[in-house]
Structures are given as C-alpha cells and as structure tokens.
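> kindly return the folded structure for what I paste below:
(chains A and B)
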Amino acid sequence: MNGYLQLDKITKCYGDKIAVNELELSIPRGCIYGIIGPNGAGKTTTIRMIMSIIFPDSGEVLIDGKPVDKNFKNRVGYLPEERGLYKKMTLKEVIHFMAKLKEAPADKINSQMDMWLEKMNLIDYKNKKVEELSKGMQQKLQFITTLIHEPDIIILDELFSGLDPINIELIKNVMLDLKKQGRTILFSTHVMEQAEKLCEYICMINGGKKVLDGSLTEIKSHYGKNSIHLEIDGDGRFLNTLNGIANVSSYTNYYELTLTDSIEPNDVLKAIAEKVTIKRFERIEPSLYNIFIELAGENSNSQTSNIIEGGMSHE
Amino acid sequence: MNKFWTIFKSEYLQVVKKKSFIAGIILTPLFMVAFTMLPAFLASQDVSEQTPYSIVDLDNREIGSQLAEALTRYKLEDDSTIETYPLREIYELRQSDSDSLSSLRRHLDSLILTKSLKRYIVIFPNAESNDSVLMVSKSMNFKASNRYDNRISDILTQFRLKNSNIDLPLDTLLNITHRIDMMQESPGGKTKDFMATYFGALIFVMIIFGSIIGFGQILMRSIIEEKNSRIMEVLISSVSPFQLMMGKVLGLGAANLTQVSVWGAIGFLIFLFRGAVDIPVQVSSIVFNPILIVFFVIYLLIGYIMYSTMFALIGSICTTDKETQNFIFPIVMSLMLPVILLMYIVQQPDSLITIIMSFIPFLTPTMMVARLNIVAPEVFTLSDPIIVEALIGIVTTGLTCLGLIWLTSRIFRMGILMYGKRATIPEIMKWIKYK
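Okay, here's the model as predicted:
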C-alpha cells in the first residue's frame, strides 16, 4: 500500500521508555483513518511527530513520498487532545489568529469563518469573548479553528471527548463531508465504537507498537468468522462446558460466543437447543473491542487492563 | 517570517490594548516623580514650631539669651525671617546646683510629655571648649533640629574666637558660614548639579529595571497560561517553537519600547516647558544628551532581550506562578544591584570596580547607562574611553543574548509541552542535548 502520508519506522524514546517503537503507517489519500489504542499507547506521541512538534529519534514522516518540510504544517489541521483557546479574545479574533498562523489568505478567512460559524451554530457569538462560551461550544470553536485554513490533512486527537450526542452527530456529518471533498482525516481515539462507526482504515497500537492495521472490512472478516450472538431463555452457565467454544462473553441480555476453528456453527446450535429455548442465534462480525482484547491477550502484556478500561468507557 | 509577524503583532496588540498598559504609561511617570521628588519636597517644607522651647543655662555667660535671640532672627535662604520658635523661659542655674538641675529637668520632661513644651536645651559650663550642649525633645524634626544646631555652634564658635581674642559680631559670623552648593563640571564645560546627576542616572536605571521586570513577567505569565490552557500545542503545530519564542519576546519588546517612547516624549515636554511650571531643580537640570539617549535605547533593548529570554526559559519549565518565585529572585537581584550601588557609581564612574562590574553581561545595560549619564561626552568620539567601553559592552551583551536565545530555545521547545509538573534539572540537561 503506497499511502499519501507515511510513517517510515519512526521511533521515539523518552529516556529509557520507548514511547513509539519502529511504527510504520501508510495512510491513503481521502480516507478516514483511525488510530486506536489505550491511554498511553503512544497515539499522541505519534501525532506530535507527524506534526513536527517533536522529532523521531529514527525514521521519517513522508508526505507524497517526500520527507515533510516546513510548509507541511500549513497543510494540516490539528486538533490536539488537550483543548485550549485564548479566553479573552473574541471568536472572530481567535479564528483569524489561528488562520493567520497557517498563512491562510485574509479574504478566504472571512468567507470561511461565517460559513463555519453558521454550520456550528455559533454565528451569534462571533463578536463575543471565548470565555462566554460553554465548554461544548468552545470545542466546536476549536474544531472550526482546525479547519478554517482548508487543510488537506486533518488530524483529530480524541475528537469527541466532552461532546453531547447532538454535537457528536453534527461533527460526524462534517467529517463525512470533508472526506467526500477528498480530505485525508487521521482520527485517534481510545473509544473503539467511534472508530468502528467512522473509519475505513484502522491501526491499533499498544505499548508504542503496531498491533494491527488494515481496512475495517478486512479486519472484521479476518477475525469475524467464528462469532455468534446468542439470546436464550434461562441460565447460560452451561455454555462454557460445550465442545468447540473458545470463549463466552456474557452480557445482561445476550451472550457473545467465540467458536474454535474446527467446529461448525450448526453443531453448536443443536447442542444449545437441546438444553434451552433459543430466542436468537446469529453469526456476527466481532466488535473492534473484542478483536483488540484478543490481540492484546496474545501479547499478554501488562497493558491489557488499560485496554479493557479504555474499551469500556463509552461516550 | 509571516508566522513570526503574526505572533509578534498578536502579542504586541494584546498588551497595548489593555487598559492597564495605558494606565501604566500615564501613572508610572507620575509615581516616579512622586517617589523621587516627594521626600525631598516634604523635607524642604518649613515646619514651624508653635510650641515653645526652654533653655537651661548652667554656663552663666548669656549663651542662653544669645541663642534665643539668634533663633528669633533666624534668616532663611531667601532672606526672609521666621519667628516660629517661641521661647518659654530661660533658667539660669548655678553650676554646682545639681539637685535643682535634675528636678528642673524632671519638670521640663513632664511638660514635653504633656505637649506644652516642644524641647529644651541644657547648656553646660564651658560649653564652647567641651561641646557640652544637650537638646531634649520628643520628636526629631530634622530641619528644625538643624537650625538649633547651627545657631548653637555659631554662638559657640563666637565664644571660641573670643577666647583667641578675635571679636566678631554674630551677624558677620553668620555671613561667613554660608552653605556651599556642590557643583560638578564635565569636560565640555557644562556644570551639573550632583543631585541632578544622581537622579538622572536613577531615572534611567529605574526605567530599564522596571520595564524588564514588568514585561519579563508578562512574557513569563503568558507562556505559563498558554501551557496551562493547552493553547501551546495548537500554536506549536502551526509555528516552530523558535518562531513562537522570538515572536513573543520581540512583540512584547515593541510594547516596552512604545511605553518608554511615550515616557521619553513626556520627559521631553517637561524639559521644553521647564520654565513654565514649577519643577524641582533636580528634574529640570537633567541634561538631554543625544549620545546618552542612543546608548540608552540600545541598552534598554539588549537588556530587555537578555532578561526576557531568561523569563521565557522560566515560563517554559514552570507550571505555576509560585514555582517561578525561586527562579525570579536571582534575576531581580542582578537587576537591583546597580540601583543599590548607584550612589557609589555616580561618585566613582571610572573606578576599577565600576568598570569590572559594567562588563558582567547581566549588569552591563544598567551599569553602562548609569555611567554614561555621568561622563558621556556630547559628541561621538572614539577617543573617549567610555564610548569605547559602551561599544564593547554592546558586543559582549549581544553575544550573551545570542547564547541565551540558543540555550532557551533548546529548553523552551521541550518545556512548553510539559503539563502539570515542573521540569527537573537532569531533564533540562537532557533537552539541551536532544537533536
């Protein structure tokens, strides 16, 4: 895969700690690319290296096959995980300032500004100070400042944290629009469901290393053949004892079964039907969350507890 | 460069548009004038004494009555007389009568405590030969005490002269012992009042000191605020840390220069209209010397850049105002030192100690300006050692600035991404070495 934005074995150490270890990524033009992983996996360090905020100890960041140069920063819109704006400035001033820092032409800034303020329902606040906005509004304002200079590449670190469902929907639609316009969006999150809904490509990192990458459909079909969604009347404790079942995840109203490679789902269905009444039996693709658990389990390193914690924290 | 100017402009406007900046421009010169002039003005005011004094004369040669008479005819510098020292009583006592002296003193002490007597003077026998005159009062009014002092010594001098068979009337004696004003003359032939020289140097040094501390702290706070509000990360994703640092340092430097220029203009107006308004002699006689002004502006800028770079460094490694305190202390001290030593510098502008200190880069800006204020010639000439020294000083401080900027930019780019905890010394050493 020959990507638009490529990371070529980048490594970054802080003292003895390796934050990112020989990470290779290839991000195609015009897609939504998700970087997922638990807190402390090295997502932010990776993004900071892409942005030339810090520099890799070894390896390179390439754009269109060439190492990134000074002008690269102007082509990128970056929304950091840690949000902040000048509280004493008006919305207009903040947007203008941020656009100027990206060397956007003045006439473009003004037309774009009103368009975005309208879209984000902030137009009435244009001449108000940032400190007068609610937290969610400030998030949307920061989202505008990320996009005001019409960047080619958009990097969004933990975009949805702190937003209510209505604004999440609003911003999701904006992201899909941007993708339609051919922009490349790099999206990092520790909440797997979000990545699952938006991204075409996924890269999982853990402990500074890539655990998995590829298109979402590839990943799911590769890991998905043996998962069963099961709803039954009665007690499901016997499920563990059945032949050909590798793992049982039990939820309040249903079970998710992972079958071993050797068994046919029909045999399992028969075996269950003998014991209880089946309400629903369906072959499904596994959630990213389950894939991640599985992969991290194989590595069986100390990060696993973080992964679960990260995966369970829903919006 | 565009990005540098964006930061530069934004920093400049953020400060200049603030109400506190405009207030500072107007109020600071007022405060400065008040602080330097008010004590001198108040001390020079006549404090008339309405409460009477008494004299206890143990000498019995009419020293007491002569003193009383001299005080009533006290001549001021502008030749008017004041009669604000009412005499209550002169007690003439026998010198052997020590019991009655002590009881009299107890009585007078109690009068002073009840405020019906301001002071009393005890003249012991043979006062002129053993200087035994005692003055007792509750408060030390410097000016008034001085007058008593002068008159008593005048009279005692008269007695001494009499003892050597020289007889002079008191009035003549007073005319001889006139106060002499110290004047200093510079090679150009211009006379300078010593106090005017001191205050001139003080004003220049205080402007450098004040504006560096003021704007340095604004810079440091804005960096800490940008770190804490996490704007830093957005900024750094658009501009390089070096552009950001220099944009901030120089943007605030421009605001600083704006402020000082306005003050300069105010000073120049006062200078132009010094005849029209009643300004104390110390201000009006400061001589405006173009060479001094040029060097002052250069040193103000170099000094500002040198110190504000250090403030930027502190801001980048600290996360709260409180943490910065320890780091600021040595900076304030090295800026304060020339102010404290100014009296010495004004008196010894060319001594070895002064010259050595003025080449310590951190002291150079203030020291050089203070020295130039005293001995700078009116025309630019390399034959004058102070000009050569001032030029060398510009080179050495300029190089120090470059070194500091290099060092700070290494630390700054890492420090600004540290949230929540202060950087440790080993961490900082590592950052300097990072590529």
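
> near chain B, which residues of the stretch 1-150 of chain A are found?
Within the stretch 1-150 of chain A, the positions near chain B by C-beta under 8 Å from any C-beta of the partner chain are A:15, A:48, A:51, A:53-55, A:70, A:73-74, A:76, A:78, A:80, A:82-88, A:97-98, A:100-103, A:142, A:145. C-beta: built from backbone N, CA, C; applies to glycine.

> lowest-scoring secondary structure element of chain B by mean pLDDT?
For chain B, using mean pLDDT, DSSP states H and E, the weakest element among its helices and strands is helix B:281-284, scoring a mean of 49.

> equivalent analysis for chain A, please.
helix A:304-312 (a mean of 37).

> and the next helix or strand past the helix ranked longest in chain A?
In chain A, with assignment by DSSP state H, the single longest helix is helix A:165-180. For helix A:165-180, the following helix or strand on the C-terminal side (DSSP states H and E) is strand A:184-189.

> spatially, what comes nearest to A:K179 if we skip its sequence neighbours?
Among residues not flanking A:K179 along the chain, A:I32 sits closest, at 5.5 Å (C-beta to C-beta, 6 or more residues apart in numbering or on different chains).

> correction: A:R280
That would be A:E231: by C-beta to C-beta, 6+ apart, it lies 4.0 Å from A:R280.

> and A:Q112, by the same measure?
Counting by C-beta to C-beta, 6+ apart, A:I148 is the residue found nearest to A:Q112 once chain neighbours are left out, at 5.5 Å.

> from chain B, how far out is the one you found?
11 Å (C-beta to the nearest C-beta, to the nearest Å).

> the residues of the stretch 1-150 of chain A next to chain B, buried ones only, as a ChimeraX selection?
Typed into ChimeraX, the line below selects the buried ones among these, using 16 or more other C-beta atoms under 10 Å in any protein chain shown:
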select /A:48,51,53,54,73,74,76,78,80,82,83,84,85,86,97,98,100,101,102,142,145
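
> tell me, how many residues neighbour the residue in the stretch 151-300 of chain A positioned nearest to chain B?
Ranked by C-beta to the nearest C-beta, the top residue of the stretch 151-300 of chain A for proximity to chain B is A:I155, at 8.4 Å. When neighbours are counted by other C-beta atoms under 10 Å in any protein chain shown, A:I155 registers 25.

> again with A:V174
17.

> and if you look at B:V249?
The number of residues near B:V249, taken as other C-beta under 10 Å, comes to 23.

> what secondary structure does it sit in?
Under DSSP: H, G, I helix; E, B strand; the rest coil, B:V249 falls in the helix class.

> who touches it in this structure?
B:V249 makes contact with B:L219, B:I305, B:S308, B:T309, B:A312, according to C-beta atoms under 8 Å, 6 or more residues apart in numbering or on different chains.

> C-terminal to the helix or strand harbouring the third one, what's the next element?
It refers to B:S308. Assigned by DSSP H and E, B:S308 belongs to helix B:290-317. Downstream of helix B:290-317, the next assigned helix or strand under DSSP H and E is helix B:321-340.

> so which elements touch that next one?
Secondary-structure packing of helix B:321-340 (3 or more C-beta pairs under 8 Å, 6 or more residues apart in numbering or on different chains; DSSP states H and E): helix B:194-228, helix B:290-317, helix B:364-375.

> what does that helix rub up against?
Contact with helix B:321-340 is made by B:202, B:205-206, B:209, B:212-213, B:216-217, B:220-221, B:224, B:307, B:310-311, B:314-315, B:318, B:345, B:357, B:362-363, B:366-367, B:370, B:422, as judged by C-beta under 8 Å, 6+ apart.

> just the buried ones among those residues, please.
B:202, B:205-206, B:209, B:212-213, B:216-217, B:220, B:224, B:307, B:310-311, B:314-315, B:318, B:345, B:357, B:362-363, B:366-367, B:370.

> ranges for the helices of the stretch 151-300 of chain A?
A:165-180, A:192-198, A:216-224, A:265-275, A:288-299 (DSSP state H, counting those that start in this stretch).

> my error: substitute the stretch 1-150 of chain A in the last question.
Counting by DSSP H, counting those that start in this stretch, the helices of the stretch 1-150 of chain A are A:43-50, A:72-75, A:91-101, A:106-119, A:135-147.

> JSON lines for those, including mean pLDDT?
Formatted as JSON lines, the helices of the stretch 1-150 of chain A follow (pLDDT from 0 to 100):
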{"stretch": "helix A:43-50", "mean pLDDT": "89"}
{"stretch": "helix A:72-75", "mean pLDDT": "88"}
{"stretch": "helix A:91-101", "mean pLDDT": "92"}
{"stretch": "helix A:106-119", "mean pLDDT": "89"}
{"stretch": "helix A:135-147", "mean pLDDT": "91"}
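
> okay if I get these as a markdown table plus distance to A:G208?
Output for those, formatted as a markdown table (distance: least, C-beta to C-beta, whole Å):
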| stretch | distance to A:G208 |
| --- | --- |
| helix A:43-50 | 8 |
| helix A:72-75 | 23 |
| helix A:91-101 | 30 |
| helix A:106-119 | 36 |
| helix A:135-147 | 26 |
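
> now chain B against chain A: closest residue?
Closest to chain A within chain B is B:R230: 3.4 Å, counting by C-beta to the nearest C-beta.

> I'd like to know how many residues surround that residue.
Neighbours of B:R230 under the rule other C-beta under 10 Å: 17.

> right, and it touches A:G84 too?
Yes. Here B:R230 reaches A:G84: they are 3.4 Å apart, a contact under C-beta atoms under 8 Å.

> can you pull the contacts of B:M245?
So B:M245 contacts B:A312, B:I405, B:T408, B:S409, B:F412 (C-beta under 8 Å, 6+ apart).

> residue ranges with poor pLDDT in the stretch 51-200 of chain B?
For the stretch 51-200 of chain B, the stretches flagged by pLDDT under 70 are B:73-84, B:95-96, B:140-143, B:170-171, B:173-195.

> count of residues packed around residue 33?
Just so you know, I chose chain A. Considering only other C-beta under 10 Å, A:Y33 is surrounded by 26 other residues.

> actually, chain B is the one I wanted.
Using other C-beta under 10 Å, B:V33 has 16 other residues around it.

> and if you look at A:E274?
Neighbours around A:E274, by other C-beta under 10 Å: 7.

> for it, report the pLDDT, please.
As predicted, A:E274 sits at a pLDDT of 86.

> how about B:V297?
For B:V297, pLDDT reads 91.

> who's in contact with it?
By C-beta under 8 Å, 6+ apart, B:V297 lies in contact with B:L257, B:V260.

> quick check: the gap between it and B:V260.
Per C-beta to C-beta, to the nearest Å, B:V297 is found 8 Å from B:V260.

> check A:F55 too.
Separation of A:F55 from B:V260 (C-beta to C-beta): 39 Å.

> give the contact list for B:S100.
Residues in contact with B:S100 (C-beta under 8 Å, 6+ apart) are B:L93.

> please redo it, this time with the cut-off set to 6 Å
Under the criterion of C-beta atoms under 6 Å, 6 or more residues apart in numbering or on different chains, B:S100 has no neighbours.
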